[in-house]
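Participant: All I have is the shape, not the residue letters:
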């Protein structure tokens with residue numbers, strides 16, 4: 001071991017020396033084996049998720065992730081969001097991109113798309129079929145995901161040239177929070193910025209399935225631009241995707257909203273959107289469950305209290321709901337609040 005070597009500790013506790021600056025992928029090839037190097041998707045270096053192209057420049061721990069690790073599904077779904085966004089912009093010129101995170105069961109990407117009159121121009125189910133086909137063709141091209149660090153000025157110049165006004169706003173926010181550089185990821189001729197990591201190439205994604213499209217608002221604010229949100233998912237194999245689709249179909253058959261109505265337990269009415277009207281049958285079951293739960297809690301030393309049904313945004317900021325679910329929360333304006341305040345400051349939510 002030379003003075004320029006670093007020591008890498010693997011999950012089993014074994015250690016291996018390697019020349020400082022060697023990438024994760026090259027380390028795996030030479031110190032572990034070509035099989036794992038081919039299967040690896042990303043790694044954790046001292047607990048931080050990194051690309052396989054990350055240089056090992058200090059002593060540290062290293063954990064590799066392949067398609068056998070459940071964490072890898074989240075990775076390829078974020079990869080899939082990038083691929084879908086690139087397909088959308090190629091198929092529908094003039095469409096702007098905003099954000100595209102992974103979710104529990106897949107991913108979504110928000111797009112700004114308007115017609116000649118400046119009105120929202122939603123994607124149709126037929127559009128999703130075309131986009132899905134184009135995205136999976138891009139997966140098969142095995143395009144490498146390439147990372148590059150740029151300065152604020154470089155990022156603003158790049159996305160300004162691309163006409164991505166939403167990206168410019170995000171870039172300003174990122175650097176205002178103290179960032180000193182921005183990581184770009186490209187595949188083919190399409191580029192976006194995110195923290196990463198990404199898989200080595202698009203082929204690692206497997207198969208992409210687009211599920212639905214819905215409306216959303218920029219920054220979750222209904223006073224801002226209306227966006228088109230495409231939902232999708234991705235799996236390593238068609239077999240896994242088919243199994244998931246079957247599971248979703250079976251779950252729909254047992255959906256409590258469907259079963260409850262079929263058993264005459266509850267109903268819904270436009271007079272109170274999203275609220276349940278319990279029938280006498282449903283109320284009887286609800287009361288029995290409530291009584292049983294109350295008895296169980298009291299027997300175990302719990303005390304019963306009553307809390308408000310509505311809160312202002314301070315509670316939801318603390319809980320984290322404000323940042324993630326603001327656009328789907330019910331808003332009630334306080335008539336006694338100062339009308340000069342922003343709407344969010346005059347509202348209660350449930």
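Facilitator: Happy to help now that I have it. As the structure is a prediction and not an experimental result, all values here were calculated from the model. Numbers count the residues shown, from 1 in each chain.
Participant: Can you show me the strands along the stretch 51-200 of the chain?
Facilitator: For the stretch 51-200 of the chain, the strands defined by DSSP state E, counting those that start in this stretch cover 55-56, 60-65, 96-97, 107-112, 146-150, 182-187, 190-193.
Participant: Which one of the ones you listed lies nearest to residue 29?
Facilitator: Residue 29 sits nearest to strand 60-65 of all the strands of the stretch 51-200 of the chain, at 11.7 Å, using C-beta to C-beta. No exception for glycine: its C-beta is placed from N, CA and C like everyone else's.
Participant: Point out where the stretch 1-150 of the chain drops to low pLDDT.
Facilitator: 1-3 (pLDDT under 70).
Participant: now the helices: where do they sit in it?
Facilitator: 24-27, 34-39, 71-91, 125-140 (DSSP state H, counting those that start in this stretch).
Participant: most packed of these?
Facilitator: Highest mean neighbour count of the helices of the stretch 1-150 of the chain: helix 71-91, a mean of 22 (counted as mean count of other C-beta atoms under 10 Å).
Participant: can you give me the angle that one makes with strand 182-187?
Facilitator: 70 degrees (axes from the mean of the first three to the mean of the last three C-alpha atoms, to 10 degrees).
Participant: Include distance to residue 156 when you put the helices of the stretch 1-150 of the chain into TSV, please.
Facilitator: Converted to TSV, the helices of the stretch 1-150 of the chain look like this (distance: least, C-beta to C-beta, whole Å):
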stretch	distance to residue 156
helix 24-27	31
helix 34-39	37
helix 71-91	19
helix 125-140	27
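Participant: Among these, which comes closest to residue 111?
Facilitator: helix 71-91 (6.0 Å).
Participant: Do you have the helices of the stretch 251-350 of the chain handy? List them.
Facilitator: Along the stretch 251-350 of the chain, counting by DSSP H, counting those that start in this stretch, helices occupy 256-262, 280-299, 313-319, 321-325.
Participant: The shortest one packs against which elements?
Facilitator: Of the remaining helices and strands, those touching helix 321-325 by 3 or more C-beta pairs under 8 Å, 6 or more residues apart in numbering; DSSP states H and E are helix 313-319.
Participant: The helix it packs on: which residues count as buried?
Facilitator: 313, 316 (16 or more other C-beta atoms under 10 Å).
Participant: Equivalent analysis for stretch 92-103, please.
Facilitator: 92, 95, 96, 97, 98, 99, 100, 102.
Participant: now the helices of the stretch 251-350 of the chain as a markdown table including distance to residue 68 and mean pLDDT?
Facilitator: Formatted as a markdown table, the helices of the stretch 251-350 of the chain follow (distance: least, C-beta to C-beta, whole Å; pLDDT from 0 to 100):
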| stretch | distance to residue 68 | mean pLDDT |
| --- | --- | --- |
| helix 256-262 | 34 | 86 |
| helix 280-299 | 40 | 96 |
| helix 313-319 | 35 | 84 |
| helix 321-325 | 30 | 80 |
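Participant: of all those helices, which lies closest to residue 206?
Facilitator: helix 321-325 (27.2 Å).
Participant: now for stretch 140-160, what's the gap between its first and last residues?
Facilitator: 30 Å (C-alpha to C-alpha, to the nearest Å).
Participant: Spatially, and excluding backbone neighbours, which residue is closest to residue 67.
Facilitator: residue 236 (4.7 Å; C-beta to C-beta, 6 or more residues apart in numbering).
Participant: Pretty sure the one you found sits against residue 69.
Facilitator: No. Taking contacts as C-beta atoms under 8 Å, residue 236 lies outside contact range of residue 69: 10.9 Å.
Participant: With residue 307 as the reference, name the closest of the strands of the stretch 51-200 of the chain.
Facilitator: Among the strands of the stretch 51-200 of the chain, the nearest to residue 307 by C-beta to C-beta is strand 107-112 (32.5 Å).
Participant: distance between that closest one and the chain's centre?
Facilitator: 10 Å (C-alpha atoms, centre = their mean, to the nearest Å).
Participant: So which residues make contact with that strand?
Facilitator: Outside strand 107-112, the residues within contact range by C-beta atoms under 8 Å, 6 or more residues apart in numbering are 77-78, 80-81, 84-85, 88, 95-101, 123, 166, 216, 218, 225, 227-234.
Participant: can you rerun that using 7 Å?
Facilitator: Outside of strand 107-112, the residues within contact range by C-beta atoms under 7 Å, 6 or more residues apart in numbering are 77-78, 80-81, 84-85, 88, 95-101, 166, 216, 225, 227-233.
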